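K.L.:
below are the sequence and a predicted model for it; my questions follow.
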Amino acid sequence: MTKDILDTIDFDDEGFMVNASDWNKEIGEAIAEALDVKLSERHWHVIDFARADFEESGEPPTLRRITKQTGVDMKEIYQLFPDGPAKIAANIAGLKKPTGCI
Amino acid sequence: MAKPSRDLHKSTGTNGNRKLALITSKGSLDMAYPPLILANAARMSGIDVEMFFTFWGLDIITKKKMKSLNVATVGNPNMHPSFHIPSLMGILPGMSAAASWMMRGEIKKLGFPRVPEFMEQLVDAGANVYGCKMSMDMMKLTADDLIDGATVLGAMEFMDLTEGAQVIFV
């Protein structure tokens, strides 16, 4: 059922949303489900921060920035997003792929 | 265009079992950062990381040394023009310290942590960190001299751990 929402959205070749402004929480949940991520309150804390930071800077936050600003430390964020924290968080948040190397 | 799926991330994902082995043999400030940045990039991409610190590379994970890694101003052919110091000047007292201070400033501007914090970050990120047993014996170091999270390991054991891994030697 939730997968249907994703059919209405434009993604790039790596599965990142083309237009961050098309995003809403329901879409975020659908993307998370597609990535096998079970969203908790802590996940949302990171995702909400990534959205807010993107609004200001136009870039998805680096991992270092996320851990410095959210209070989610390095150990925890790798538990939340073991496949690659900054990348997966940006993907669920409807942002483009992060390019920062820290 | 592709819908999000774990497979898209999996080519580089933990469960894809891609593994990187980084062997770090140099302990100068300019040679310390490349392996740390690569290890961090690998973890951020969900790749498993095994880091082996040997010879001078041990300084990077030795508590007493890691805070004060320096750039050599003499005999270092890699000095970029902006850092360039003529060899004859390089032998003056304090030149290496000044160059190191400059480089630390540049690294900070880019938002990269200093070496001790960077190592802590890598351990927290799940990179496995090993000190080379033979080099430690030679330098009279024990496990207590290394950072928290580091393990003492022989080269052959490292070979066992890194079967099938991609190898980078710095």
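P.N.:
Structure received. Numbers count the residues shown, from 1 in each chain, chains lettered A, B, ... in the order given.
K.L.:
and A:L6, how far from chain B?
P.N.:
In this structure, A:L6 and chain B are separated by 5 Å, where distance is defined by C-beta to the nearest C-beta, to the nearest Å. (C-beta placed from N, C-alpha, C; glycine too.)
K.L.:
now do the helix or strand hosting that residue: distance to the chain's middle.
P.N.:
A:L6 is part of helix A:3-7 when elements are defined by DSSP states H and E. When distances are taken as C-alpha atoms, centre = their mean, to the nearest Å, helix A:3-7 is centred 17 Å away from the chain's centroid.
K.L.:
isn't B:T54 right up against B:S25?
P.N.:
Yes - with contact defined as C-beta atoms under 8 Å, B:T54 and B:S25 form a contacting pair (5.3 Å).
K.L.:
who's more crowded, those two?
P.N.:
When neighbours are counted by other C-beta atoms under 10 Å in any protein chain shown, B:T54 comes out ahead of the other of B:T54 and B:S25, with 21 against 17.
K.L.:
contact partners for the residue nearest to the more buried one when sequence neighbours are not counted?
P.N.:
Nearest residue to B:T54, sequence neighbours excluded (C-beta to C-beta, 6 or more residues apart in numbering or on different chains): B:C132, at 3.7 Å. The contact partners of B:C132, by C-beta atoms under 8 Å, 6 or more residues apart in numbering or on different chains, come to B:F52, B:F53, B:T54, B:F55, B:G57, B:L58, B:L153, B:G154, B:A155, B:F158.
K.L.:
where does B:C132 land on pLDDT?
P.N.:
pLDDT for B:C132: 97.
K.L.:
how far away is it from B:K64?
P.N.:
As for B:C132, its distance to B:K64 is 17 Å (criterion: C-beta to C-beta, to the nearest Å).
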